[in-house]
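In: please find the sequence and the predicted model below.
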Amino acid sequence: MSKKAKVWNSKFSKEGIELSEMEVGLKLLATIDPRGWPHITMISFNRAKTPDQVVWGEFTKGTSKRNVLQNPKQGAFYMNAVMPYKFLQAKMIYTHRMTGGEDCEYFSRGQMLRYNTYMNVEKAYYNSVESVTPVMDLKILPIAKGLILDLFAKRKANDSNSEDKLHRLGYDLYNNPFNPKFISIIDPDDGYPIIIPCFQLRAPDRSKLIFTYSHFKEDLEKLKIGAHVSTFAVIADEIELINLVVQGTFIGTQKFGNVKCGIIEIDEVYNSMPPLPGIIYPTLKTRPKVLNFNH
């Protein structure tokens, strides 16, 4: 990353506002759950309305909407969908929300919802910008380097006796080298969650994730053993958008095939797709239905 990438400004630049207003692109939101763990959600109805205010809309009910009401600190990430790839990171704090109004109307009249007559953006969440990076280039060379290093590390890191925490769809999603993947960590400097591109993230088996330090090394090295992280993988094809959130604990680094990797032990797998977002691992334990009332 260049020296420019290290700068955090107090307001969005004109270029940053334009990037946040794109209709086709990737817009992610990181929140903090009641346990203090970061959580990642994709919220397409999300833009910098002014240089110091971000507004995002509620289309479906999920974990992030509950999180911000309990802990207002958030991280945002915006990236365009075509080369050359550009992105920015932001830190912001929730201030209030409104049902209806001009911002809900703005999101509902966009290309994604303008012909949707049965469901629209119902609530708008308003956030004050604390800090934001300049618009940066997502370098392709470090991504390619990560792909090569993964070839050596992934096989060596596989444990055939590990628990199957990640289902087959999630395993394939994280191991497709061309799928965008991201890590959210709590910045130890200020307690805000940040979202880091991590295309080099892989699942060597179905109990853990690993990543090389080939890209965004400075950010990834902020992780300390025992820190909780949230990861996000996504793929879009002509039919549907598939994404998944995997949350885990950073347990340190190890060399696999002479490649240094960070290791994330999987704690939870969260389905972030409609119609029912929620935890799919570990399996929710329920009490058996009572059929006999004679005992």
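Out: Thanks, I have the structure now.

In: contacts only, for residue 212.
Out: 146, 149, 150, 153, 200, 259, 260, 261, 262 (C-beta atoms under 8 Å, 6 or more residues apart in numbering). C-beta coordinates here come from the backbone N, C-alpha and C atoms, glycine included.

In: number of residues surrounding residue 53?
Out: Residues lying near residue 53 (other C-beta atoms under 10 Å) number 16.

In: please read the previous query as pertaining to residue 71.
Out: Quick note: residue 71 (other C-beta under 10 Å) scores 16 neighbours.

In: quick one, phi psi at it?
Out: phi -140, psi 110 (degrees, to the nearest 10).

In: and the closest residue to it other than its chain neighbours, how far from residue 250?
Out: Closest residue to residue 71 apart from its sequence neighbours, by C-beta to C-beta, 6 or more residues apart in numbering: residue 32 at 4.4 Å. With distances taken as C-beta to C-beta, to the nearest Å, residue 32 is found 16 Å from residue 250.

In: against which helices or strands is the helix or strand where residue 254 lies packed?
Out: Element membership for residue 254 (DSSP states H and E) is strand 241-256. On a contact count with 3 or more C-beta pairs under 8 Å, 6 or more residues apart in numbering; DSSP states H and E, strand 241-256 meets strand 38-42, helix 140-157, helix 168-175, strand 208-212, strand 228-236, strand 259-271.

In: rerun at 10 Å
Out: With contacts defined as 3 or more C-beta pairs under 10 Å, 6 or more residues apart in numbering; DSSP states H and E, strand 241-256 has these neighbours: strand 38-42, helix 140-157, helix 168-175, strand 181-186, strand 208-212, strand 228-236, strand 259-271, strand 278-281.

In: chain center to it: distance?
Out: On the basis of C-alpha atoms, centre = their mean, to the nearest Å, strand 241-256 sits 12 Å off its chain's mean C-alpha point.

In: just the contacts of residue 212 now: which is nearest residue 55?
Out: residue 200 (32.5 Å; C-beta to C-beta).

In: run through the residues that contact the nearest residue to that closest one once chain neighbours are set aside.
Out: Excluding its sequence neighbours, the residue lying closest to residue 200 (C-beta to C-beta, 6+ apart) is residue 146, at 3.1 Å. If a contact means C-beta atoms under 10 Å, 6 or more residues apart in numbering, then residue 146 has 153, 177, 198-202, 211-216, 259 as its contacts.

In: no further questions, thank you.
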